[in-house]
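Enquirer: Sequence first, predicted model second:
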Amino acid sequence: MPFLSHGPHRFRYEIEGAANAPVYVLVNGLTQYAELWAAYREALVARQFRVATFDLLGQGASDKPRLFITQDDQVAALRLLIDELGDAPVFLSGISFGGLIALRYAILHGDRLAGLVPMSCFAELSPQLLLLGNALRTGLILGGTGYLQDILLPMNLSNQWLEPLLDKLDSVKRQGWLVNDVYALQNLMESFLDFEPLTPQLASIGVPTMILNGEFDFLTPRALHETLRVHIPDSSLVIIPRGYHAFTLEKPALTADLLARFAEDVLAGRWQGNKAVWIAPEEAGGALTPFPAGYDHLRAIPTQGATA
Amino acid sequence: MNEFFGPLDSKGRVPPHQQTRVAAFLISAHGALARQFAFTLPLQLESAWQTELNAQLYRESETVSLLMRATSWVPDLALGFLAASWERTWLPSAVEGIADRPMASAAGLAALAHAVHAGIRPAALLPVEIDAYDPFAMALRRIEFESGRLLQAQIILLKSPNLLPFRDAVSAALERRHVEVRKLWAEALQGVGIVSRRSES
């Protein structure tokens, strides 16, 4: 298990695939760990990509700083990992908290990237997200990691995914509970206490950017992704049908296919962001369709209206 | 060597020699914290934050009481030597570099308590096959759960504005305590066939 060091802290990473191939770097969400990208590693390596995954500081097998950990530390660790990858084109993707770290990296070191894919992501804390974050933190403090998982599972995953697992949820939660410590998760959450919106800096992201948002994402709904679409110049927004916040867990084949197609389009010079809004196919390999013209993609009912 | 307790007996219970070793370690650590909180707690509370000292004292005492009653004890010849080493490690140690001695002592106690509450996760040693209604297993779950809540007082103190000017000294003391506590915990477990999944780098 290889490690890199950021200051006194070590973080665990894995790289798989041919040495000179274009690379996908995948950044975990808050309660995740690198093994959860296994299906992506397999699918993307089969599509001739190299894949780098890692545990953020405070997660999984990486060191867990005792009291203080900033998002700048996470970006610095990510930079160390990307520096390990040589000169091949780098596509950076992250989900939720990991998407935010990816955004921060792209703002600071965008020249090192060939493409960016923020998923279930946000650049600012809306009142709802701020209050939900506070409630999740209180839930962690009062009820432990298991209680946090109990809240996140129904919030972030569909009935279709949950139903067959209802009588074995403890085993679903167990690995996440084992590898995550209350204090370390709390430190990650408290890295938002001095959070400043990234929105004013989004325009500096010059790389092709595909924003992925689940159709039914409750935690980070469409409006938060819209901020990214409107401000990142070469971006487009792709809505994942029937997807919730954790659609990367539910729909790995579809999501990995979208990642691969995006990178292939960028490398072939076919990518055009145009701040367009698309609907992803239901299954991997299907065609993306433009969001119907004249309708407001920020609404859940078909309402006519024009948005920027 | 395994990451979890075992092999379990036919009723899904933790072997008594593992129960004894783990309970002895936890009683030593939480008992030391209880004693130190008891010495710090004034007879008459003068500040609101001192109510937390009272809570910490009684939660730690509860942990000790619970383990004494929930554990299937057997003789453990290594305990005399180990306990002496543990008790030496728990001795109070003020954070160096803080001129205000009461504050330095409080920060030192908080660093030790943080290391015990955050770094020791006894319930994570329970395998999935454990009898969920076994009192020892239930006790470990309760101790880990309560530790997560007790930890909040240490986090609040160690991150408090009063200690921010001494952030480096506090971080160093906290790091030292974590390394000490986890090393002892790993050694205690190793002696009964369990490898700690979170040994220090």
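Expert: Structure's in. What do you need? Numbering: from 1, shown residues only, chains lettered A, B, ... in the order given.
Enquirer: Low-confidence regions, chain A specifically.
Expert: Where chain A drops to pLDDT under 70, the residues are A:306-308.
Enquirer: Just give me the longest helix of it.
Expert: Longest helix in chain A by number of residues (criterion: DSSP state H): helix A:127-156.
Enquirer: Nearest to the spatial middle of chain B, which residue is it?
Expert: Per C-alpha atoms, centre = their mean, the C-alpha nearest to the average position across chain B is that of B:V116, at 3.3 Å.
Enquirer: What's the per-residue pLDDT of B:E46 here?
Expert: pLDDT, B:E46: 86.
Enquirer: where does the stretch 151-300 of chain A come near chain B, residue by residue?
Expert: Contacts of the stretch 151-300 of chain A with chain B, taken as C-beta under 8 Å from any C-beta of the partner chain, map to A:S171, A:R174, A:W177, A:L178, A:D181, A:V182, A:Y183, A:Q186. For glycine as for every other residue, the C-beta is placed from the backbone atoms N, C-alpha and C.
Enquirer: Over to stretch A:242-256 now: how far is its first residue from its last?
Expert: With C-alpha to C-alpha, to the nearest Å as the measure, stretch A:242-256 spans 16 Å from end to end.
Enquirer: Name the residues that touch that stretch?
Expert: Outside stretch A:242-256, the residues within contact range by C-beta atoms under 8 Å, 6 or more residues apart in numbering or on different chains are A:29, A:36, A:39-40, A:43-44, A:95-96, A:119-120, A:152, A:155-158, A:160-161, A:212-220, A:240, A:280-284.
Enquirer: What subset of these is buried?
Expert: Applying 16 or more other C-beta atoms under 10 Å in any protein chain shown to the contacts of stretch A:242-256, the neighbour count classes A:29, A:36, A:40, A:43-44, A:95-96, A:119-120, A:152, A:156-158, A:161, A:212-214, A:216-217, A:219-220, A:240, A:280-281, A:284 as buried.
Enquirer: Show only the entries of the residues of the stretch 151-300 of chain A next to chain B found in helices.
Expert: Residues of these located in helices (DSSP H): A:S171, A:R174, A:W177, A:L178, A:V182, A:Y183, A:Q186.
Enquirer: tally of neighbours for the last one?
Expert: Right, A:Q186. Close neighbours of A:Q186, defined as other C-beta atoms under 10 Å in any protein chain shown, add up to 22.
Enquirer: cool, and the fifth one?
Expert: The number of residues packed near A:V182 is 24, by other C-beta under 10 Å.
Enquirer: same thing with the first one?
Expert: Residues lying near A:S171 (other C-beta under 10 Å) number 10.
Enquirer: A:R229 too?
Expert: Residues near A:R229, counting by other C-beta under 10 Å: 23.
Enquirer: where does the residue nearest to A:R47 when sequence neighbours are not counted land in three-state SS?
Expert: Nearest non-adjacent residue to A:R47, counting by C-beta to C-beta, 6 or more residues apart in numbering or on different chains: A:A260, 4.4 Å away. Here A:A260 takes the helix state, with states given by DSSP: H, G, I helix; E, B strand; the rest coil.
Enquirer: A:S236 versus A:A260, what's the distance?
Expert: Remark: distance between A:A260 and A:S236 (C-beta to C-beta, to the nearest Å) = 16 Å.
Enquirer: Also A:S158?
Expert: 24 Å.
Enquirer: try A:P290
Expert: With the distance defined as C-beta to C-beta, A:P290 ends up 10 Å from A:S236.
Enquirer: So between these two, which is more surrounded?
Expert: Comparing A:P290 with A:S236 by other C-beta under 10 Å, the one with more neighbours is A:S236, at 21 against 10.
Enquirer: which stretch of helix or strand covers the residue of the stretch 201-308 of chain A found nearest chain B?
Expert: The stretch 201-308 of chain A approaches chain B most closely through A:L249 (21.2 Å), counting by C-beta to the nearest C-beta. Taking DSSP states H and E as the definition, A:L249 sits inside helix A:247-250.
Enquirer: Centre-most residue in chain A?
Expert: Short answer for chain A (C-alpha atoms, centre = their mean): A:I95, at 1.2 Å.
Enquirer: Who does that residue form a beta bridge with?
Expert: A:I95 forms beta bridges with A:M119, as assigned by DSSP bridges.
Enquirer: Hmm, A:V27 and it touching each other?
Expert: Yes - counting by C-beta atoms under 8 Å, A:I95 touches A:V27, with 7.2 Å between them.
Enquirer: for the stretch 151-300 of chain A, what spans make up the helices?
Expert: Using DSSP state H, counting those that start in this stretch, the helices found in the stretch 151-300 of chain A span residues A:159-162, A:169-179, A:182-190, A:222-231, A:247-250, A:252-267.
Enquirer: and the ones you listed, which is most packed in?
Expert: Mean neighbours per residue, mean count of other C-beta atoms under 10 Å in any protein chain shown, is largest over the helices of the stretch 151-300 of chain A for helix A:247-250, with a mean of 24.
Enquirer: who in chain B is up against chain A?
Expert: Looking at chain A, the residues of chain B close enough under C-beta under 8 Å from any C-beta are B:114, B:118, B:121, B:124, B:128, B:144-145, B:148-149, B:151-152, B:155, B:158-159, B:167, B:170-171, B:174-175, B:178, B:197, B:201.
Enquirer: Report how many residues lie close to the closest residue to A:D234 other than its chain neighbours.
Expert: Closest residue to A:D234 apart from its sequence neighbours, by C-beta to C-beta, 6+ apart: A:G273 at 4.0 Å. Counted with other C-beta under 10 Å, the neighbours of A:G273 add up to 18.
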